[in-house]
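[1] Mind looking at a prediction? Sequence and model below.
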Amino acid sequence: MSAMKKPPSQDKQALRKFFVQKRRAMLNDIQRKRALDMEIQSRLIVSPEYRAADTLLLYAARDFEISTSAIMTAAMANNKTVAMPRCGDDGEMSFYRISSYADLLPGRYGISEPREGCELIEPDDHTLCVCPCLCTDMRGYRLGFGAGYYDRFLTGFPGTCAALCYSDAMIPELVCDDNDIPMKLIVTDSYIRHIY
């Protein structure tokens with residue numbers, strides 16, 4: 001990511017604004033962004049958590065988010081179940097099995113979602129949920145876009161949750177509340193951090 005001043009404060013809204021601007025600035029050097037995204041995805045694909053998973057819950061990345069397309073391609077080639085989320089009016093999120101990008105249609109917030117007719121997936125302890133974020137802290141807490149869909153979904157989630165994050169979007173500590181769910185794995189373009 002391009003060199004910019006340090007994050008403004010611990011205020012979540014200010015941090016969101018800062019990291020969204022930083023992400024959008026990356027689109028000015030799309031080749032570099034693609035290289036970083038591929039490095040992050042490659043690190044996840046060779047991780048023990050990926051190898052142990054039978055099912056991967058992925059997100060359909062918007063242009064300024066870290067891509068998951070290489071993970072999806074690898075998971076399907078490795079005969080793993082791949083599912084993506086559909087957001088409900090009640091603030092809840094469910095994951096549905098997809099077999100290709102043809103199973104995705106424009107949905108809420110302009111994010112692609114599985115079409116009607118895709119099979120609902122019930123996660124188990126062999127499920128790896130790959131979460132989007134704007135930044136993460138060293139304890140595994142992630143800053144998302146503020147709607148809380150992932151934190152609600154991950155309450156009681158039996159599998160492993162991982163966040164994809166650019167290494168320069170790691171900060172020492174986020175202000176958290178009781179609803180925030182820490183990740184077990186943070187995958188960056190420079191390293192993987194396991195949270196125990």
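    On my side now, so go ahead.
[2] model confidence over stretch 54-61, on average?
    Stretch 54-61 comes out with an average pLDDT of 96.
[3] then that stretch to PDB, C-alphas only?
    What follows is the C-alpha trace of stretch 54-61 in PDB, where atoms were taken according to Å, rounded to 0.1, in the frame of the first residue of the first chain:
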ATOM      1  CA  ASP A  54     -13.300 -29.300   3.900                       C
ATOM      2  CA  THR A  55     -15.400 -26.100   3.400                       C
ATOM      3  CA  LEU A  56     -14.200 -22.600   2.700                       C
ATOM      4  CA  LEU A  57     -16.500 -19.600   3.400                       C
ATOM      5  CA  LEU A  58     -15.200 -16.800   1.100                       C
ATOM      6  CA  TYR A  59     -16.400 -13.300   0.300                       C
ATOM      7  CA  ALA A  60     -16.800 -11.800  -3.200                       C
ATOM      8  CA  ALA A  61     -14.300  -9.000  -3.200                       C
END
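[4] and it, how far from the chain's centre?
    Centroid separation for stretch 54-61 versus its chain: 8 Å, with CA atoms, centre = their mean, to the nearest Å.
[5] Just say helix, strand or coil for Met76.
    Following DSSP: H, G, I helix; E, B strand; the rest coil, the label given to Met76 is helix.
[6] Around it, how many other residues sit close by?
    Met76 is flanked by 15 other residues according to other CB atoms under 10 Å. (Each C-beta comes from the backbone N, C-alpha and C, glycine too.)
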